[in-house]
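Visitor: When you get a sec, could you give me coordinates for this:
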Amino acid sequence: MDHETGPVKPNILIVDDSDINLKILNDLIEIMGYTPVMAENGLYALSVLENQACDLVLLDIRMPEMDGYQVLKIIKNDPHLSHIPVIMISALSDMDNVIRCIESGADDYMVKPFVHAILRARIDACLEKKQMHDKESRYQEQIESFNLELQNRVSKQVSEITAAQRATIFAMAKLAESRDPETGEHLLRIREYVRFLCQQLRFLTKYENIIDDNYIENICAASPLHDIGKVGIADGILLKPDKLTDEEFNAMKAHTCIGAETLREVYRLHSGNDFVRIGIDIAESHHEKWDGTGYPHGLAGENIPLVGRILALSDVYDALTSRRCYKEAFSHTRSIKIIVDGSGKHFDPDVVDAFIKAEKDFVSIREYYVDG
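Guide: Sure thing, here's the model as predicted:
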């Protein structure tokens, strides 16, 4: 592992009450190309860690006032320090000491006197572990920053549910949709497909106390949010004209959870908001399948939120009847057959029945909102 080519050499904190041992380790660390930082006791070592970034600690066990075990415990119990690797150093090689150190959180154990090659190999291994942790932390910070920015954008627009704000949310969803130039009037068609399915479903006894005018208004208003999580998917995957690899498809599937979690954060700020609550269920569940083979959670049957079941059919019908870079648009007749064949497998049978009753309305919607 070559650290010398990097802009900053790793800092290695050496903690030992022996001046001779400090000098030996200091010289070895410098030969390795790292930056040694010395502390003659545990208390001073902790002070150094509080005020200076260190990438690794070489910690002697036997020290006065505060021994290595005590210092190790403090480091590993501190959330700001616990990620720093610690190699314990001792003149004792008995197994009890080794076990105690490892159980206390030490990353390795070295016995004096040191073999240069072995010491370097163990230091390099611990620094590699630290680098991986730092890289993961940076990625996590970037993800959290992106999610926070996305949540703030959505939250700003839904502080009050008004027609103007819903129009803004629709525009945001449209912006996400616009990354795919072939989706055209997709959001408008989905909204109307959902409306006609709900109007048919409300006549069923099981839904008469669920689907009312307010429910229909909210699901129609929230329907454009179903794919808002795609703003978190890389263009190389979202716009790829060829079949996605398994890894790419798994990344694509994450748009359901990204969208739902974004809206969930908004809902925490504006609890009781039916529009956002329905949007969460839509974003998260519109790719679930009736037989449990969908994603992201593999829900089945009526465990899938009703709004997700309604969106699933609407979304698939629109995809079937729309041209894509990988296929021509299917006819309405062919699309009906595919959806009917998927009843009880991909789709809720009740929703399929509602679709059959409203299929002429679907044709009219398709013809009215034609892709430009």
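Visitor: from memory Glu40 sits against Ile14, does it?
Guide: No: checked against Cβ atoms under 8 Å, the pair Glu40 and Ile14 is beyond contact range at 9.6 Å. To be clear about C-beta, it is placed using only N, CA and C from the backbone, and glycine gets the same treatment.
Visitor: Neighbour count: these two, which is higher?
Guide: Set side by side, Glu40 and Ile14 show unequal neighbour counts under other Cβ atoms under 10 Å, the larger going to Ile14 at 24 against 15.
Visitor: quick check, that one in a helix?
Guide: No: the secondary structure assignment for Ile14 gives strand rather than a helix, going by DSSP: H, G, I helix; E, B strand; the rest coil.
Visitor: Name the SS class of the residue lying closest to His133 once chain neighbours are set aside, please.
Guide: Nearest residue to His133 in three dimensions, chain neighbours excluded: His83, at 5.0 Å (Cβ to Cβ, 6 or more residues apart in numbering). Under the three-state scheme (three-state DSSP), the conformation of His83 reads as coil.
Visitor: okay, His83: pLDDT?
Guide: We have a pLDDT of 91 for His83.
Visitor: Next, work out how far apart it and Glu261 are.
Guide: 25 Å (Cβ to Cβ, to the nearest Å).
Visitor: Between the two, which has more neighbouring residues?
Guide: Counted by other Cβ under 10 Å, His83 and Glu261 do not tie: Glu261 has more neighbours, with 18 against 15.
Visitor: care to break this structure down by domain?
Guide: Per automatic domain parsing, the structural domains of the chain span 11-136, 160-368.
Visitor: can you list those in JSON lines and add distance to Asn152?
Guide: Converted to JSON lines, those look like this (distance: least, Cβ to Cβ, whole Å):
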{"stretch": "domain 11-136", "distance to Asn152": "24"}
{"stretch": "domain 160-368", "distance to Asn152": "9"}
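Visitor: what's the closest of these to Leu150?
Guide: Between Leu150 and those, the shortest gap by Cβ to Cβ is with domain 160-368, which sits at 5.0 Å.
Visitor: mind checking how far that closest one is from the chain centre?
Guide: 21 Å (Cα atoms, centre = their mean, to the nearest Å).
Visitor: mind starting the numbering at 869 from now?
Guide: Done: numbering now begins at 869, and the last item shifts to domain 1028-1236.
Visitor: ok so, going back, what residues are up against the residue nearest to His1001?
Guide: If a contact means Cβ atoms under 8 Å, 6 or more residues apart in numbering, then His951 has 998, 1001, 1005 as its contacts.
Visitor: do Ala1090 as well
Guide: Listed by Cβ under 8 Å, 6+ apart, the contact partners of Ala1090 are 1143-1144, 1146-1147, 1150, 1175.
Visitor: what helix or strand is the most centrally placed residue in the chain on?
Guide: Using Cα atoms, centre = their mean, the residue of the chain that lies closest to the mean C-alpha position is Ile1126, 6.5 Å off. Using DSSP states H and E, Ile1126 sits within helix 1114-1137.
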